[in-house]
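Colleague: quick one: sequence plus predicted model below, questions after.
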Number of protein chains: 2
Amino acid sequence: MGREIVVVGGGAAGLKAASRARRRDEEAEITVIEKGEYPSLGRCGLPYYVEGFVHDISNLMETLSGDVRDEEYFKKVKNINVLTKTEALSIDRKRKAVKISRNGRDDELNYDYLVLATGAKPVRLSVKGVDADGIFSLTSAEDALKITEMWMNESIESAVIIGGGLIGLETAEALERLDIDVTIVELKNQLLWNSFDFEMAELVRKCIIREGVKVLTSTTVQEFITEDGKVKAVRVNEKILPAELVIISIGVEPRTELAESAGLELTEKGAIKVNEYLQTSDPFIYAGGDCVENINLLTGKHVYTPLGSTANKHGRIIGDNITGGKSKWRGVLCTSIFRVFNADAGRTGLTEKQAREAGFDPVIAISPGPDRAHYYPGFKPIRLKLIADRRTRKVLGAQAFGLGVIDKRIDVIAMAIHRGATVDDLAEVDLAYAPPFSAALDHVIHAGNIIKNKLDGLLNGITPVELKRRLDAGEDLYLLDVRSQKEFEARRIEGYEVHNIPLSELRNRLDELPKDKEIVTICAIGTRSYEAARLLMNKGFEKVRFLDGALATWVF
Amino acid sequence: MGREIVVVGGGAAGLKAASRARRRDEEAEITVIEKGEYPSLGRCGLPYYVEGFVHDISNLMETLSGDVRDEEYFKKVKNINVLTKTEALSIDRKRKAVKISRNGRDDELNYDYLVLATGAKPVRLSVKGVDADGIFSLTSAEDALKITEMWMNESIESAVIIGGGLIGLETAEALERLDIDVTIVELKNQLLWNSFDFEMAELVRKCIIREGVKVLTSTTVQEFITEDGKVKAVRVNEKILPAELVIISIGVEPRTELAESAGLELTEKGAIKVNEYLQTSDPFIYAGGDCVENINLLTGKHVYTPLGSTANKHGRIIGDNITGGKSKWRGVLCTSIFRVFNADAGRTGLTEKQAREAGFDPVIAISPGPDRAHYYPGFKPIRLKLIADRRTRKVLGAQAFGLGVIDKRIDVIAMAIHRGATVDDLAEVDLAYAPPFSAALDHVIHAGNIIKNKLDGLLNGITPVELKRRLDAGEDLYLLDVRSQKEFEARRIEGYEVHNIPLSELRNRLDELPKDKEIVTICAIGTRSYEAARLLMNKGFEKVRFLDGALATWVF
Ligand SMILES: Cc1cc2nc3c(=O)[nH]c(=O)nc-3n(C[C@H](O)[C@H](O)[C@H](O)COP(=O)(O)OP(=O)(O)OC[C@H]3O[C@@H](n4cnc5c(N)ncnc54)[C@H](O)[C@@H]3O)c2cc1C
Ligand SMILES: Cc1cc2nc3c(=O)[nH]c(=O)nc-3n(C[C@H](O)[C@H](O)[C@H](O)COP(=O)(O)OP(=O)(O)OC[C@H]3O[C@@H](n4cnc5c(N)ncnc54)[C@H](O)[C@@H]3O)c2cc1C
Ligand SMILES: CC(C)(COP(=O)(O)OP(=O)(O)OC[C@H]1O[C@@H](n2cnc3c(N)ncnc32)[C@H](O)[C@@H]1OP(=O)(O)O)[C@@H](O)C(=O)NCCC(=O)NCCS
Ligand SMILES: CC(C)(COP(=O)(O)OP(=O)(O)OC[C@H]1O[C@@H](n2cnc3c(N)ncnc32)[C@H](O)[C@@H]1OP(=O)(O)O)[C@@H](O)C(=O)NCCC(=O)NCCS
Ligand SMILES: [Ca+2]
Ligand SMILES: [Ca+2]
């Protein structure tokens, strides 16, 4: 008999580790223990199931050729024993055995190598009434099935989603599409607090509000109001929000009970501690997926990024290392992405805020515009924000939002950061151009050039957030909108004095401009205001800035 | 007065150089000479204009805000003098003057810096009848207008397109959509000879044939048959193809008459010779765009890649260097992309063939499959081919084809190559995953892992081309299709003996397999045949290969 491998957790990390181990070692005895009913579930598809877009939970367990990855599949195809409805209760590290409970009976499995892939659990909200019926998280098939059942059997008028992160937003869409009145409640002053800068998050907010979702930021949940054990409303900031359905999506945390009780080391933040081989403090026990942290490749610090993509990568590395290999895991860029209604939002690396906190000196560019040649019918708008470090010129991060294609830009920049690229690399890289795919110079390239221009002293930007703050503080900035009169009349920055001199007239009307005031040039997407800023700077105006992201990112 | 800058050529390179120069130097006197009528034309949009998808030629000259970039625009907005219908006749380098002809009169412009951005001209085909009416190339607005006029005024039944490159294919689509019967004639044995490996090019062929386009490869044009000076048919390989319209798209070559007559150095292949600053052999003359060559960053050799994206990058660098800057141009990856009907095809770096010719030891992976999570409705199939170097593990190139999203994968790999990434980088990079955008592990990552598996001795591949060749040579290979019986019966490799043992039965039926023969495992997209190959190798079968790209890339 070959080596005995026991995996706890039948999710992406666990089953990937098992599958990879099998491919490397046909003789190993491989057993996967899963306490739930649905092994190998594409958990990321749950919101699409709730929405009715994915037909059946088992679709989320299918291979491309249509086989459902259940116990029988794993046995027949991969010779892996998957034991569902089986819980791992404890680990006896000395004897190298796992105590399990199956069909109400305890049993024991010996291991040469043990893999902990126990995933995550929703962060609990400690608020009165939180255990009432109708309050869910959406992290398991069971949750999804219960929500769907409730929707089919009871009439749900209103739902409240607590937490404006990625899963909260995906769930908001799902419920809104079921014609439920949806309100998102978020503690912070913006959605996506951990992953997007304010102005980019505000673009997301505007978009989902347009679809009918209500968003309450800076809002604290005080109490769930219940009737006969069922939730009826949520009290927030002294307001009452009716809700027969509540989804709590304030994040997840590593599921570590098993590891902890076995005396394995945990990290400060409470994940299972692993080294670069994903080995725990016990050399015969590996851990991966949502129960461990990762290294942020930009800061070198630990970060908790529970993602399906990462869980699969972990699993593969563990599969190597428990079968005689020596594969290393380096870390993540905190890349994430989601679709909400027709819009997509994605990010990688550090936000501007995070970059500053991490001690970098961030320079930013925002490139709004169509996602392909604007003469190619059907183009859609996007905004790409790029963050780089002033000293090293290295790319630090990006965020993108739009109805158009943003995943491409995020992935290209993720690859760039992964390989330590500078803004100069972005500006010169040979990306694929034809009219259906991008402009001759893609947003990634423009964003690189914009930052180059700033670093070379050709351009000074002011971010929307900074401009708003300074205007509200009563500072006397001269706002110069250089679009055509027609564009200006149709839409402009409201609430402040804005002057309009079209770029085509600016050369002849320089004398209308104040020499002493700080001038902020503004246009639709940034190209004309950039040229205007160059003209003014070349003409000796000393305090000239252009509005980063232009009107396209003026979210106020 | 500031420095005098004269630019010859009002295309992307010339006008970008002029625009960038203006932004850096408000005082310069900038004049752009353009012999045609349409400056600043998005030439890449011409096929879409012919097709009627882009409404008006002037749409190809518009800024995002709807201004047509004509003489007046350049004067008013950028203070650049664009002289259209004006030809540069000769350069007097001693006196630093350009002789021009405008409105039938000769004139002269002095320069401090001269920029040659004269673009390219179609390669001529030396065949009888080539000057007849109805024979065009599609490289200028004038061509496009004439083709459209002809289509509106005469009934065109059939068209022949000579040359199966990118522009030939785009033009084929445009004409086919006008309900013209289209035949592509190509000298080589495949479409896209310069840029795609055989099997990937064959996927493109199959796709356009399905749309009604006829494709004749290994076919030589012998003569154009004309009547009253008009083309009526094309004689190829002793066959007659009726055609009232012929498009010759066998490539373009640098337009260098002006440079040549001025005694500037040319390269071996006849482009204007430039250094890394895009400076010609005369330090006061710069050149960029389609009239120069580029360095292939992978081989270090010169390569002619006339592209709009590159022309714009050149222009920007020249704009810097003629205004006191010192910007460098490094080179290209020969990235290109096009849409043909509903399918997209793209490539970057070296093909497998080119990699071998350049002295690398290429290892390949082909990853076919859906472009996003396969449970996410609306996914579409793609195939991604990755090429890496065995010794250094560095990524050398990629090609992709599909109805689904391929530009993202090509751009990510272009960025990877640009930064010297290895297959290990591809396998571990933190790409953005959510079900609407990719599988949990994207094609790029899978392709990286497939090559890693090959390099680590876990897998031996055989390419479709190699397998076909060996089968046709009568070699006794044991073809083992490991899909289900149902799938096998629906579709399989035809013309050779194929054995079917589903993967789920393989472990129990190993005794049916020959121990001595080379076994080739086959499935739909490669995952099952990979697992089958691993099983056989683990069980001691010595000559096991799997079919790279699986049935999804079996193009025979
Ligand atoms: C709604 C939603 C949307 C998401 N969207 C995305 C997305 O778009 N992109 C992305 O990358 N990620 C996304 N994720 C995250 C992704 O699903 C997880 O990161 C991934 O599933 C983690 O895999 P894992 O194997 O580590 O953990 P899990 O998939 O959670 O698997 C752990 C398993 O261990 C079992 N288990 C735990 N303890 C025991 C025990 N003691 N005994 C037996 N079994 C045990 C659990 O039952 C569970 O099945 C999303 C998650 C959710 C909930
Ligand atoms: C149908 C088609 C599709 C294409 N698709 C793509 C694509 O998808 N992606 C991509 O990147 N590229 C594509 N290209 C290529 C792209 O259009 C060119 O690379 C780009 O236009 C080159 O720019 P340029 O400024 O170097 O030359 P051009 O745009 O050709 O400009 C040169 C100009 O110089 C003028 N000129 C030449 N000699 C003189 C003279 N002596 N005096 C005055 N004027 C002169 C010419 O009239 C011409 O207008 C495509 C090209 C075509 C024809
Ligand atoms: C599916 C699952 C069981 C893993 O099983 P797996 O057999 O490793 O499946 P994958 O499709 O990921 O991997 C396929 C293997 O074939 C290889 N492969 C993929 N395409 C290939 C091709 N065209 N040719 C050859 N090999 C290919 C891959 O490299 C991989 O092998 P390796 O890891 O040994 O290198 C596990 O990931 C799982 O349970 N997933 C569902 C849950 C999930 O992913 N959740 C998170 C997102 S919602
Ligand atoms: C359009 C053309 C005249 C160049 O003019 P341009 O003013 O440089 O226009 P672009 O849009 O390319 O560049 C915009 C400038 O604004 C900058 N920019 C772009 N978006 C910006 C934003 N959101 N904020 C600030 N600056 C921005 C760019 O970096 C660039 O400046 P830089 O080169 O000084 O760094 C020239 O490219 C042309 O004639 N093109 C048409 C033909 C063509 O492209 N053909 C090939 C493809 S078919
Ligand atoms: Ca609503
Ligand atoms: Ca036809």
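Modeller: Cool, the structure landed. It should be emphasised that the depicted structure is a prediction, and the values quoted were computed from it without experimental measurement. Ligands and ions are numbered 1, 2, ... in the order given.

Colleague: which positions in the stretch 351-500 of chain A make contact with ligand 2?
Modeller: A:433, A:434 (CB under 6 Å from any ligand atom). Just so you know, the C-beta spots here come from the backbone N, C-alpha and C atoms, and that holds for glycine as well.

Colleague: can you give me the helices in the stretch 351-500 of chain A?
Modeller: With DSSP state H, counting those that start in this stretch, the ranges of helices along the stretch 351-500 of chain A come out as A:352-357, A:407-418, A:423-428, A:443-455, A:464-472, A:485-490.

Colleague: what's the spacing between the last one and its chain's center?
Modeller: This means helix A:485-490. Counting by CA atoms, centre = their mean, to the nearest Å, helix A:485-490 is centred 37 Å from the centre of its parent chain.

Colleague: run through who's touching it.
Modeller: The contact list for helix A:485-490 (CB atoms under 8 Å, 6 or more residues apart in numbering or on different chains) reads A:481, A:498, A:500, A:502, A:524, B:65.

Colleague: so which of those is the most crowded?
Modeller: Neighbour counts for the contacts of helix A:485-490, by other CB atoms under 10 Å in any protein chain shown, peak at residue A:481, which reaches 27 neighbours.

Colleague: look up which residues are beta-bridged to that residue.
Modeller: On the basis of DSSP bridges, residue A:481 is bridged to residue A:500, residue A:522.

Colleague: any idea how far the closest residue to ligand 3 within the stretch 151-300 of chain A lies from residue A:258?
Modeller: Scanning the stretch 151-300 of chain A for proximity to ligand 3 using CB to the nearest ligand atom identifies residue A:289 as nearest, at 8.9 Å. Using CB to CB, to the nearest Å, we find residue A:289 at a distance of 13 Å from residue A:258.

Colleague: now do the shared contacts for these two.
Modeller: Between them, residue A:289 and residue A:258 share the contacting residues residue A:118, judged by CB under 8 Å, 6+ apart.

Colleague: show me which of those two is the more surrounded one.
Modeller: Higher neighbour count among residue A:289 and residue A:258: residue A:289, with 32 against 22, using other CB under 10 Å.

Colleague: state the distance from that one to ligand 6.
Modeller: 53 Å (CB to the ion, to the nearest Å).

Colleague: hmm, that residue is touching residue A:119, no?
Modeller: Yes. Assessed by CB atoms under 8 Å, residue A:289 is found in contact with residue A:119 at 6.0 Å.

Colleague: any residues in contact with both of the two?
Modeller: Contacts common to residue A:289 and residue A:119, judged by CB under 8 Å, 6+ apart, are A:9, A:11, A:13, A:306.

Colleague: for ligand 4, what is the nearest residue in chain A?
Modeller: Counting by CB to the nearest ligand atom, chain A gets nearest ligand 4 through residue A:526, at 2.6 Å.

Colleague: residues of chain A that sit close to ligand 2?
Modeller: When proximity is defined as CB under 6 Å from any ligand atom, chain A approaches ligand 2 at A:433, A:434.

Colleague: domain map for chain A?
Modeller: Here the domain parsing of chain A from automatic domain parsing is A:4-119+A:253-321, A:135-250, A:342-454, A:461-553.

Colleague: of the ones you listed, which is nearest residue B:184?
Modeller: domain A:342-454 (18.3 Å; CB to CB).

Colleague: just the CA trace of stretch A:202-220, in PDB.
Modeller: C-alpha atoms of stretch A:202-220 as PDB (Å, rounded to 0.1, in the frame of the first residue of the first chain):
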ATOM      1  CA  GLU A 202     -18.800  55.400  -5.800                       C
ATOM      2  CA  LEU A 203     -19.100  54.500  -9.400                       C
ATOM      3  CA  VAL A 204     -20.300  51.100  -8.300                       C
ATOM      4  CA  ARG A 205     -22.800  52.600  -5.900                       C
ATOM      5  CA  LYS A 206     -24.200  54.900  -8.700                       C
ATOM      6  CA  CYS A 207     -24.600  51.900 -11.000                       C
ATOM      7  CA  ILE A 208     -26.400  49.700  -8.600                       C
ATOM      8  CA  ILE A 209     -28.700  52.500  -7.400                       C
ATOM      9  CA  ARG A 210     -29.700  53.000 -11.000                       C
ATOM     10  CA  GLU A 211     -30.800  49.400 -11.000                       C
ATOM     11  CA  GLY A 212     -33.000  50.000  -8.000                       C
ATOM     12  CA  VAL A 213     -30.900  48.800  -5.200                       C
ATOM     13  CA  LYS A 214     -30.800  51.100  -2.200                       C
ATOM     14  CA  VAL A 215     -27.400  51.700  -0.500                       C
ATOM     15  CA  LEU A 216     -26.900  53.100   3.000                       C
ATOM     16  CA  THR A 217     -23.300  53.700   3.900                       C
ATOM     17  CA  SER A 218     -22.000  54.900   7.200                       C
ATOM     18  CA  THR A 219     -24.800  52.900   8.700                       C
ATOM     19  CA  THR A 220     -24.700  50.600  11.700                       C
END
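
Colleague: who's in contact with it?
Modeller: Residues contacting stretch A:202-220 (CB under 8 Å, 6+ apart): A:164, A:169, A:172-173, A:176, A:181-192, A:196, A:236-237, A:340-341, A:343, A:345, A:383, A:401, A:553, A:555.

Colleague: same question, stretch A:135-142
Modeller: A:36-38, A:41, A:43, A:46-47, A:50, A:57, A:60, A:120-122, A:129, A:143-144, A:146-147, A:167, A:171, A:224, A:231, A:245-249, A:252.

Colleague: end to end on that stretch, go ahead and measure it.
Modeller: For stretch A:135-142, the first and last residues are 13 Å from each other (CA to CA, to the nearest Å).

Colleague: give the buried residues for that stretch.
Modeller: A:135, A:136, A:137, A:138, A:139, A:140, A:141 (16 or more other CB atoms under 10 Å in any protein chain shown).

Colleague: can you tell me which of these end up in strands?
Modeller: A:135, A:136 (DSSP state E).

Colleague: pipe the buried residues of stretch A:135-142 into CSV and attach distance to ligand 6 per row.
Modeller: Below are these laid out as CSV (distance: CB to the ion, whole Å):
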residue, distance to ligand 6
A:135, 60
A:136, 55
A:137, 55
A:138, 50
A:139, 53
A:140, 53
A:141, 49
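
Colleague: format the buried residues of stretch A:135-142 as CSV; extra columns: pLDDT.
Modeller: As requested, the buried residues of stretch A:135-142 are exported to CSV (pLDDT from 0 to 100):
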residue, pLDDT
A:135, 98
A:136, 97
A:137, 96
A:138, 95
A:139, 95
A:140, 95
A:141, 96
